[in-house]
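structural data only, the sequence is not supplied:
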């Protein structure tokens, strides 16, 4: 099956101008595991926010924070390179709501939600600053997530220019999302909380775009000029879910990147679930 | 109006003493030593703090709002204790508001924060309830040099004891709010004794 699937996937992205594509999935129904270029690292873009989400819920379980704790909303951060001050540019942020709270406070739960559902860069950096990189890295290490490399928050231009970026590979993101299916990793209430936030994702033009309406997808996209990723968990009625990660890299001039990711998602869906009479 | 109950910090239970350190010597960013405030208003609830107007336009709640970087005992349980200088600060803020002719907004963590608050790098007038970080005046957010210089200058003209940090990203400067303070002011309300 894998070789045929690979042919089908390659037919989608070959000739489309991509410099790299990686795909990984695990199907809890068939127990099928697939990985193509799964260990190839990419700039994480906003998929790193899922690691922050994991750290928040794990830290809450460890008693290090409470989701209802309130944090000062402040747009002022320091670069990991030289300690220089930088701010998030609202025009480059997926969300503007958090900026209305400048000077006031939002709960960690509120910030976590908008970090995922609207990919708020400001919320991400506020949370990341509070958690601290040591806590985030420790939680990733203890979860054996070596395919997720976190160095900093987002929009640290000085770090970006020195190549100090957060990186992920498809296998790493797959393992990260599989933790949210693992009843032994997070307590049921935490797991439900994480999934509820991921289900509320507002950017749905990739993995869910070509799936049937009955599919519920808990996912997170990541896009910058040369990067277009999506990873998540697909829940369908009367079958166990499958988890997938689709990572792409292409020159900024390449168009239709989201369409290619959604096509890959559709192919995987048809392979895994379409044989039971379900079609997109 | 000021809160009705004043307490001598030295008589507080040990957990509060450890966090508020009333009368203890601390060092500011310039290396100068100061003694932390000893007398506090005792606040029973957030509702009470929201209702209590220290001046016409400033409630106690606005000048004691902190985030979860504050010590849990001081954040999560009541009573709360706020140094009595907060009522003097409110008077200066009221004067400033009259001067700028617009609502003045003090940020979370921008009024009183205890010596145990995690964002403290050294002692500052915030620990005396004698400082305010103003992030917005009217509809103007104070996030650039022009606005911080403009309103800082207006504050300095009001009273020689009113200090405004200059614009900048370095030590003793601010670049995303206007910091005003009246120094390390301790207030012993009438009826209180400073004899140990």
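Yep, it's here. As the structure is a prediction and not an experimental result, all values here were calculated from the model.

state the three-state secondary structure for the spatially most central residue of chain A.
Ranked by distance to the mean C-alpha position of chain A (CA atoms, centre = their mean), the top residue is residue A:47 at 3.0 Å. With DSSP: H, G, I helix; E, B strand; the rest coil as the basis, residue A:47 sits in helix.

check the gap between it and chain B for me.
Going from residue A:47 to chain B by CB to the nearest CB, to the nearest Å gives 27 Å. (Glycine included, C-beta is placed from N, CA and C.)

need the pLDDT of residue A:94.
We have a pLDDT of 88 for residue A:94.

residue boundaries of the helices in the stretch 1-150 of chain A?
In the stretch 1-150 of chain A, the helices defined using DSSP state H, counting those that start in this stretch lie at A:2-13, A:48-61, A:108-117, A:121-131, A:133-142.

now these as a markdown table including mean neighbour count, distance to residue B:174 and mean pLDDT?
Shown next, in a markdown table, are these (neighbours: other CB atoms under 10 Å in any protein chain shown; distance: least, CB to CB, whole Å; pLDDT from 0 to 100):
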| stretch | mean neighbour count | distance to residue B:174 | mean pLDDT |
| --- | --- | --- | --- |
| helix A:2-13 | 14 | 50 | 86 |
| helix A:48-61 | 24 | 28 | 98 |
| helix A:108-117 | 23 | 23 | 98 |
| helix A:121-131 | 24 | 18 | 97 |
| helix A:133-142 | 16 | 25 | 97 |
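
thought the residue nearest to the centre of chain A was touching residue A:219?
No: Residue A:47 lies out of contact with residue A:219 (CB atoms under 8 Å); the separation is 9.7 Å.

how far does the one helix or strand in chain A whose mean pLDDT sits lowest sit from its chain's centre?
Least confident helix or strand of chain A, by mean pLDDT, DSSP states H and E, is helix A:2-13 with a mean of 86. With CA atoms, centre = their mean, to the nearest Å as the basis, helix A:2-13 stands 23 Å off its chain's centre.

which residues sit against that helix?
For helix A:2-13, the surrounding residues in contact (CB atoms under 8 Å, 6 or more residues apart in numbering or on different chains) are A:21, A:23, A:34, A:36, A:248, A:260, A:263, A:264, A:267, A:268, A:271.

can I get these in CSV with distance to residue B:99 and neighbour count?
Converted to CSV, the contacts of helix A:2-13 look like this (distance: CB to CB, whole Å; neighbours: other CB atoms under 10 Å in any protein chain shown):
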residue, distance to residue B:99, neighbour count
A:21, 61, 25
A:23, 63, 25
A:34, 68, 22
A:36, 66, 18
A:248, 57, 26
A:260, 60, 23
A:263, 63, 21
A:264, 62, 25
A:267, 67, 19
A:268, 65, 24
A:271, 70, 21
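
low-confidence stretches in the chain?
Went with chain A since none was named. Confidence mapping of chain A against pLDDT under 70 gives the ranges A:1-3, A:275-280.

my question was about chain B, not that one.
In chain B, no residues with pLDDT under 70.

ok, which stretches of it are strands?
Using DSSP state E, the strands of chain B run over B:6-8, B:25-27, B:33-35, B:39-43, B:80-83, B:104-106, B:131-137, B:140-141, B:163-164, B:178-181.

out of those, which is closest to residue B:65?
Nearest of these to residue B:65, taken as CB to CB: strand B:104-106 at 7.9 Å.

can I get the strands of chain B in TSV with distance to residue A:7?
Listed next are these as TSV, based on distance: least, CB to CB, whole Å:
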stretch	distance to residue A:7
strand B:6-8	78
strand B:25-27	70
strand B:33-35	74
strand B:39-43	70
strand B:80-83	67
strand B:104-106	61
strand B:131-137	58
strand B:140-141	55
strand B:163-164	69
strand B:178-181	64
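
still on that earlier bit, quick one: which of the contacts of helix A:2-13 is nearest to residue A:176?
When those are ranked by distance to residue A:176 (CB to CB), residue A:23 comes first, at 15.5 Å.

quick one: contacts for the closest residue to residue B:166 other than its chain neighbours?
Distances taken as CB to CB, 6 or more residues apart in numbering or on different chains put residue B:173 closest to residue B:166, at 5.4 Å, once the chain neighbours are dropped. The neighbours of residue B:173, taking CB under 8 Å, 6+ apart as the test, are B:165, B:166, B:167.
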